[in-house]
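Chemist: Have a look; sequence and predicted model below, questions after that.
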Amino acid sequence: MATYRIGVPSPAPPDPAADAPADPPGFVVVVEPGDRIHFLDWGGSGSPGVVLVHGLSASAWAWAPVARRLIAARRTVAMDLRGHGLSDAPTSTGAYDLEVLGSDVAAVAEGSGALDPDDPDARVVIVGHGFGAIAAVAAAKEVGDRCARLVLVDGGLEHLPSATGMDVDEFLRGLDEPPEVMRSMAACWPTAAPGTPQRGTPIRSGQLGPRSSRRRPAGSCRRPGRTRSRRRSGRCSGTART
């Protein structure tokens, strides 16, 4: 087991490159059957290049603090997974299969120039966070020997039967009511203030606790026309690279 020392300061993170763009140009690559995958080209030099893949409900901008430092040493691009950011959100069956997501990452690596498709000796580093780490694993499989490094941040693939002794369906059923969470909640409620909802008691709209009476006034409603768009247009700055 490794020995840890207390009080040893961590090395300071590298400063952002002095010429790091505040608003890097955006481009798209077109993949079959015509879906557009958007990425930010942060620039930089040095090989192997780096492709950054964000997690669920995020976008390429999630990597901005990292990218501004990486470009001091590596060519760096950050992509929007399909259905996120400025990438297309196809609705066809199988459009979000793991193999398709991996192909998108590989397409961005080659289309951006982070991985030269014409150089058999070219290599790329693929970095994924959360769900993006799963896509990064699929991309590394597709890229094969051209993947110099695979970096998984808080994510990746795990073989459930080996790790838990359960198949996928059994594991997912257990997520409906995690026993550890329920035991913890039950341990807290006996000392809760009177009026606090107990286990199995539905919490009605506006009920936050014994002192709460926050309810929307009778007859009130949301202002008309104040709807939010769930995703932005698929257009982006720059031109497509193929």
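Modeler: Sure, I can see it. Numbers count the residues shown, from 1 in each chain.

Chemist: Regarding L152, which helix or strand does it belong to?
Modeler: Using DSSP states H and E, L152 falls within strand 147-153.

Chemist: for A140, same thing?
Modeler: A140 belongs to helix 131-143 when elements are defined using DSSP H and E.

Chemist: what do you get for S57?
Modeler: Assigned by DSSP H and E, S57 falls outside every helix and strand.

Chemist: Disregarding residues adjacent in the polypeptide, which is nearest to V105?
Modeler: Leaving aside its sequence neighbours, V105 sits nearest to A139 (Cβ to Cβ, 6 or more residues apart in numbering; 3.5 Å). No exception for glycine: its C-beta is placed from N, CA and C like everyone else's.

Chemist: For this protein, which segments count as helices?
Modeler: Assigned by DSSP state H, the helices in the chain fall at 64-70, 98-112, 131-143, 160-164, 168-174, 179-188.

Chemist: With mean neighbour count, mean pLDDT and distance to V51 as new columns, can the ones you listed be given to me in CSV?
Modeler: Shown next, in CSV, are the helices of the chain (neighbours: other Cβ atoms under 10 Å; pLDDT from 0 to 100; distance: least, Cβ to Cβ, whole Å):
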stretch, mean neighbour count, mean pLDDT, distance to V51
helix 64-70, 20, 95, 11
helix 98-112, 22, 96, 5
helix 131-143, 22, 95, 8
helix 160-164, 11, 76, 27
helix 168-174, 11, 74, 29
helix 179-188, 9, 60, 36
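
Chemist: Now for the chain, the helix or strand with the poorest mean pLDDT.
Modeler: When each helix and strand of the chain is scored by mean pLDDT, DSSP states H and E, helix 179-188 comes last, with a mean of 60.

Chemist: Touching, V50 and V125? I think so.
Modeler: Yes. The criterion here is Cβ atoms under 8 Å, and V50 meets it with V125 at 4.6 Å.

Chemist: give me the low-pLDDT residue ranges for the protein?
Modeler: By pLDDT under 70, the low-scoring segments of the chain are 1-19, 175-242.

Chemist: Identify, by residue count, the longest strand of it.
Modeler: Counting by DSSP state E, the longest strand found in the chain is strand 35-43.

Chemist: Does anything pack onto that one? Which helices or strands?
Modeler: Here strand 35-43 touches strand 26-31, helix 64-70, strand 76-79, helix 98-112, going by 3 or more Cβ pairs under 8 Å, 6 or more residues apart in numbering; DSSP states H and E.

Chemist: Let's have the ones you listed in JSON lines, adding distance to D88.
Modeler: Converted to JSON lines, those look like this (distance: least, Cβ to Cβ, whole Å):
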{"stretch": "strand 26-31", "distance to D88": "9"}
{"stretch": "helix 64-70", "distance to D88": "22"}
{"stretch": "strand 76-79", "distance to D88": "13"}
{"stretch": "helix 98-112", "distance to D88": "10"}
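
Chemist: Mind listing residues that contact the longest strand of the chain?
Modeler: 20-21, 24-31, 60-61, 67-68, 70-71, 75-80, 82, 85-88, 90, 95, 104, 107-108, 111-112, 234, 236, 238, 240 (Cβ atoms under 8 Å, 6 or more residues apart in numbering).
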